[in-house]
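Colleague: sharing a model that was predicted from the sequence below.
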Amino acid sequence: MKHTAVTFRAAKNSGEKLSMLTAYDYTTARLLDESGIDGILVGDSLGMVMLGYDSTLPVTMEDMIHHAKCVTRGAKNALVVVDLPFMAYHTVDQAVENAGRLVKEGGAQAVKLEGGVAFHDQIKAIVTASIPVMAHLGLTPQSVNAFGGFKVQGKNIKTAQQILDDARAIEDAGAFAVVLEGVPTPLAKRITEELSIPTIGIGAGDVTDGQILVYQDMLNMYGEMKPKFVRHYAEIGNEMREAFGAYIKDVKSGAFPDNAKEGFRMDEAILDELH
């Protein structure tokens, strides 16, 4: 079944949990799609896990479009959501133009942006342009400097009320779903119960309508940090290092390639006729 913004809403109504992971390339997107994932996020997290930046802030529209193209070629059934990067949607006209680029040039089926009340008009305008919008509240990585680091949000009355107000605003603007990142579980539960649109949690407990993780985190491939909310489903990073090491050893020793198994034959008499 092809997943869309409509099927995401239907999943909430039926009580079906939604599964999402990030992807940034064709091969990973294809594997995720074949595994039955509901949605794939081409996140601006690619700045850290693919491009080696220390935050998402340097990521450009060109970066997002490039990786979106790769993912949409590999994903046939999953809903592909693509992030609008930092400073790409701070006016209404800019937001609509760049959302349109992600769809037309990158193949996105929906876009995601960070922020609530302050971006109500941008969300509404993008939705009016017939582009589905997923919002992102709580610990929003593009605001890392304003937050003073990657810190849980909504633990006091002021910030909890702001996140709740933001959630109401993005639903009113027409967002079809919202990511809740790094918020206390009770607050995520209140928001999930109040909104009619699905909530996708990352560090928001088990009370949301779905979950999302960065795939390099859940496979333990990205060793720079391990947030509390990440569960390692495999030790792919270690397996890759071991495989790379074995390959290097075999090349150095001459054990790879084995001509009998990995080489190609020919009639060697032909060599006598070469000039």
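Modeller: Good, I have the coordinates. Residues are numbered from 1 along each chain as shown.

Colleague: secondary structure class for Gln245?
Modeller: Actually, residue 245 is Gly rather than Gln. Following DSSP: H, G, I helix; E, B strand; the rest coil, Gly245 is assigned to helix.

Colleague: can you give me the neighbour number for it?
Modeller: 10 (other Cβ atoms under 10 Å). Backbone N, C-alpha and C define where each C-beta goes, glycine included.

Colleague: do Ile40 as well
Modeller: Ile40, neighbours per other Cβ under 10 Å, totals 29.

Colleague: now name the helix or strand holding it.
Modeller: strand 39-42 (DSSP states H and E).

Colleague: tell me the helix or strand right after that strand.
Modeller: Using DSSP H and E, the first helix or strand after strand 39-42 is helix 46-49.

Colleague: what helices and strands are in contact with the strand holding Ile40?
Modeller: Under the contact definition 3 or more Cβ pairs under 8 Å, 6 or more residues apart in numbering; DSSP states H and E, strand 39-42 sits against strand 18-22, helix 26-35, helix 61-74, strand 79-83, strand 210-213.

Colleague: out of the ones you listed, flag the one nearest Arg265.
Modeller: Taking Cβ to Cβ, helix 26-35 is the member of the helices and strands packed on strand 39-42 nearest to Arg265, at 31.0 Å.

Colleague: picking up where we left off before, how far off centre is the strand holding Ile40?
Modeller: Strand 39-42 sits 5 Å away from the centroid of its parent chain (Cα atoms, centre = their mean, to the nearest Å).

Colleague: spit out the contact partners of the residue nearest to Val183 when sequence neighbours are not counted.
Modeller: Distances taken as Cβ to Cβ, 6 or more residues apart in numbering place Gly138 nearest to Val183, at 4.0 Å, with adjacent residues excluded. Applying Cβ atoms under 8 Å, 6 or more residues apart in numbering to Gly138 gives the contacts Gln153, Gly154, Ile163, Val179, Leu180, Glu181, Gly182, Val183, Gly203, Ala204.

Colleague: can you redo those as CSV with secondary structure and distance to Lys189?
Modeller: Shown next, in CSV, are the contacts of Gly138 (DSSP: H, G, I helix; E, B strand; the rest coil; distance: Cβ to Cβ, whole Å):
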residue, secondary structure, distance to Lys189
Gln153, coil, 15
Gly154, coil, 12
Ile163, helix, 13
Val179, strand, 16
Leu180, strand, 10
Glu181, strand, 15
Gly182, coil, 15
Val183, coil, 10
Gly203, coil, 14
Ala204, coil, 9
